[in-house]
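Student: okay, here's the prediction I keep looking at, along with the sequence it came from:
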Amino acid sequence: MKKILARQSKKIKSLIKQMAILSDKENCSVFLVGGFVRDLILGIDNFDLDIVVEGNGLSFAKRLFNCLGESIVVHKRFATATIITKDKLKLDIATARSESYASPGVLPEVIFGSLRDDLKRRDFSINAMAISLNGSSFGELVDYFGGKKDLREKRIRILHDLSFIDDPTRITRAIRFKARFGFSLDEKTEFLLKQAVKKRLLFKMQKHRLRDEIILLLKEQKPAVYIKELNRLCGLKFIYSGIVFFPSLDRLLKTIEKEVRWFTNSQFSKRQLEAWLVYLIGMLDGLTLTKLRKFCFEYALRKKDTKRILSYKNFMLKKERKLHEVLKPVYLYKIMSPLSYEAIIAVLAKENNRTARMNIVRFLEEFHTIRPHINGDIIKELGIKEGPLIKKIINQVHNARINKTIHTFDQELDLVRKILRIK
């Protein structure tokens with residue numbers, strides 16, 4: 001593994017060297033673990049490093065933060081810390097531990113232990129490998145559970161028979177890794193997964209944990225594939241009772257994938273699209289407005305995400321038909337501008353009408369970034385006092401820009417003078 005570590009970027013190599021030096025000073029055993037090790041063997045870039053410390057992980061984390069950290073968040077209950085380095089790398093540092101679960105889906109009780117204990121509590125063999133960062137053992141692979149062989153044979157395998165019962169989120173993770181890497185489930189793993197699904201363990205999961213797993217799944221490269229596989233093995237009703245994988249949902253998700261790709265590759269977007277949210281809107285498309293509100297509340301979604309989801313639904317319920325006519329620029333701007341990019345792309349994916357699609361694309365390509373150059377301060381210099389008139393004037397200028405009757409700052413100023421009847 002030393003040769004593989006040597007091929008990493010300068011930032012990664014420098015960080016690993018710092019941790020190796022500090023581990024010897026602190027007299028504790030430090031290991032790279034989990035997804036970083038898996039991706040290292042697969043030759044996949046991963047800039048989020050997971051570290052396990054046999055000893056006092058929090059003390060090591062604080063010392064490391066003092067050396068090269070920009071920010072640190074400490075979780076005393078689990079003896080873990082997250083550091084963002086000055087080079088913008090993310091480190092998750094934990095004290096080696098074992099875990100026990102009082103019941104399926106709840107957070108585990110933590111008992112400090114050895115590296116083997118820590119690796120044994122993990123989800124799959126491919127995520128249960130470690131690389132030593134200490135002295136003479138630096139760069140050595142620790143693989144108690146045959147993870148490297150499973151990687152080579154493209155296999156997803158749990159570590160013990162109660163894995164899915166202890167933590168049902170591993171069901172969705174198994175599907176995520178299966179689709180991401182093109183691996184297959186080990187025969188016993190698939191059998192136990194299906195048994196866990198039959199026992200409705202996914203329905204017992206805490207909503208916030210399920211939310212985080214769903215978002216991770218939707219952030220993968222091809223979420224439509226993942227959702228279809230999730231439905232095949234588990235159905236979707238554990239997410240919410242009204243979500244059913246009809247052929248229409250399959251088509252919608254594939255269309256969303258196409259529209260997201262088009263938008264992402266476009267030159268007019270100034271803000272990055274949160275593509276996962278577009279897919280979530282698509283998944284929830286069949287729910288009523290009342291059920292959507294309930295879903296957003298139960299899953300404790302961020303206010304801005306709830307607003308985008310509900311705005312899409314309201315738009316489809318109230319304004320969809322208006323898009324089926326060729327609209328004047330100002331009116332098109334009026335009905336589309338309140339929507340987020342995520343809601344707009346969801347509307348575009350859902351809409352089959354040719355004129356409606358033309359209107360949406362026209363709004364995005366021509367109108368959505370138009371802003372007047374003139375502002376309230378400039379208008380006040382013309383003798384207008386603070387008040388609603390200023391906003392009204394700016395709106396008129398904005399509309400003229402959208403209609404393309406004016407284009408420059410001087411033309412905007414001339415229009416303001418005309419409105420105010422100033423020579």
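Tutor: Thanks, I have the structure now. Predicted model, so just to flag it, every value in this text is computed and none were measured.

Student: report how many residues lie close to Gly387.
Tutor: 10 (other C-beta atoms under 10 Å). Placement of C-beta: from N, CA and C, glycine included.

Student: now it: how far from Glu381?
Tutor: Here Gly387 is placed at a distance of 15 Å from Glu381 (C-beta to C-beta, to the nearest Å).

Student: now the residue nearest to Ala6 when sequence neighbours are not counted: which helix or strand?
Tutor: Take Ala6 and drop its neighbours on the chain: the residue closest to it by C-beta to C-beta, 6 or more residues apart in numbering is Lys13, 7.2 Å away. Element membership of Lys13 [criterion: DSSP states H and E] is helix 10-26.

Student: what of Trp276?
Tutor: Going by DSSP H and E, Trp276 is in helix 275-283.

Student: next one: Ala94
Tutor: Counting by DSSP H and E, Ala94 is found in strand 90-95.

Student: ok, that strand: who's next to it in the sheet?
Tutor: Using DSSP bridges, strand 90-95 pairs in its sheet with strand 48-54 (parallel), strand 80-85 (antiparallel).

Student: for Glu325, phi and psi?
Tutor: Backbone dihedrals for Glu325, given as degrees, to the nearest 10, come out at phi -120, psi 150.

Student: ok, it - contacts?
Tutor: Neighbouring residues of Glu325 by C-beta atoms under 8 Å, 6 or more residues apart in numbering: Thr355.

Student: try Asp48
Tutor: Going by C-beta under 8 Å, 6+ apart, Asp48 touches Gly35, Phe36, Leu89, Lys90, Leu91, Asp92.

Student: redo that, cut-off 10 Å
Tutor: Gly34, Gly35, Phe36, Asp39, Thr82, Leu89, Lys90, Leu91, Asp92 (C-beta atoms under 10 Å, 6 or more residues apart in numbering).

Student: what's the nearest residue to the first one if we skip its chain neighbours?
Tutor: So that's Gly34. Asp50 (4.1 Å).

Student: isn't that neighbour right next to Val30, touching?
Tutor: No: judged on C-beta atoms under 10 Å, Asp50 makes no contact with Val30 at a distance of 11.5 Å.

Student: average pLDDT for the helix holding Lys13, rounded please.
Tutor: In this model, helix 10-26 carries a mean pLDDT of 87.

Student: what about the stretch 301-423 of the chain, any weak spots by pLDDT?
Tutor: 319-321, 422-423 (pLDDT under 70).

Student: show me the shaky parts of the stretch 101-250 of the chain.
Tutor: Scanning the stretch 101-250 of the chain for pLDDT under 70 picks out 101-110.

Student: let's see that with 90 instead.
Tutor: Low-confidence segments of the stretch 101-250 of the chain (pLDDT under 90): 101-113, 121, 134-139, 166, 179, 204-206, 221-222, 242.

Student: can you show me the helices along it?
Tutor: 115-120, 147-152, 163-166, 169-181, 187-198, 207-218, 223-234, 247-264 (DSSP state H, counting those that start in this stretch).

Student: wait, doesn't Ile93 sit right on Thr85?
Tutor: No: counting by C-beta under 10 Å, Ile93 does not reach Thr85; the two are 11.7 Å apart.

Student: give me the common contacts of these two.
Tutor: Here Ile93 and Thr85 have Leu49, Leu64, Phe65 as joint contacts, going by C-beta under 10 Å, 6+ apart.

Student: go through those residues and name the one nearest Lys418.
Tutor: Distance to Lys418 across the shared contacts of Ile93 and Thr85 (C-beta to C-beta) is lowest for Phe65, with 60.8 Å.

Student: what about the closest one, neighbour count?
Tutor: 19.

Student: test my guess that it contacts Met19.
Tutor: No: checked against C-beta under 10 Å, the pair Phe65 and Met19 is beyond contact range at 11.8 Å.

Student: which among the helices of the stretch 101-250 of the chain is found nearest to Ala400?
Tutor: Closest approach to Ala400 among the helices of the stretch 101-250 of the chain (C-beta to C-beta): helix 247-264, 27.7 Å.

Student: quick one, that closest one and helix 223-234 angle?
Tutor: Angle of helix 247-264 versus helix 223-234, following axes from the mean of the first three to the mean of the last three C-alpha atoms, to 10 degrees, is 150 degrees.

Student: wait, Leu327 sits on Ile402?
Tutor: No: applying C-beta under 10 Å, one finds Leu327 not in contact with Ile402, separated by 11.5 Å.

Student: quick one: contacts for Leu289?
Tutor: So Leu289 contacts Leu310, Lys313, Asn314, Met316, Leu317 (C-beta under 10 Å, 6+ apart).

Student: not counting sequence-adjacent ones, nearest residue to the first one?
Tutor: Once its chain neighbours are removed from consideration, Leu310 has its nearest residue in Leu292; the separation is 6.2 Å (C-beta to C-beta, 6+ apart).

Student: now do the third one
Tutor: Across the structure, with C-beta to C-beta, 6+ apart as the measure, the residue nearest Asn314 apart from its sequence neighbours is Leu289 (7.1 Å).

Student: what's the one you found sitting at in phi/psi?
Tutor: phi -60, psi -40.

Student: which is the next helix or strand following the host helix or strand of Gln396?
Tutor: Secondary structure from DSSP H and E places Gln396 in helix 388-402. Remark: after helix 388-402, the chain's next helix or strand is helix 409-420, criterion DSSP H and E.

Student: would you mark the buried spots in that next one?
Tutor: For helix 409-420, burial by neighbour count (16 or more other C-beta atoms under 10 Å) applies to Glu412, Leu413, Leu415, Val416.

Student: next: stretch 196-209.
Tutor: Quick answer for stretch 196-209 (16+ other C-beta under 10 Å): Ala196, Val197, Leu201, Leu202, Met205, Arg209.
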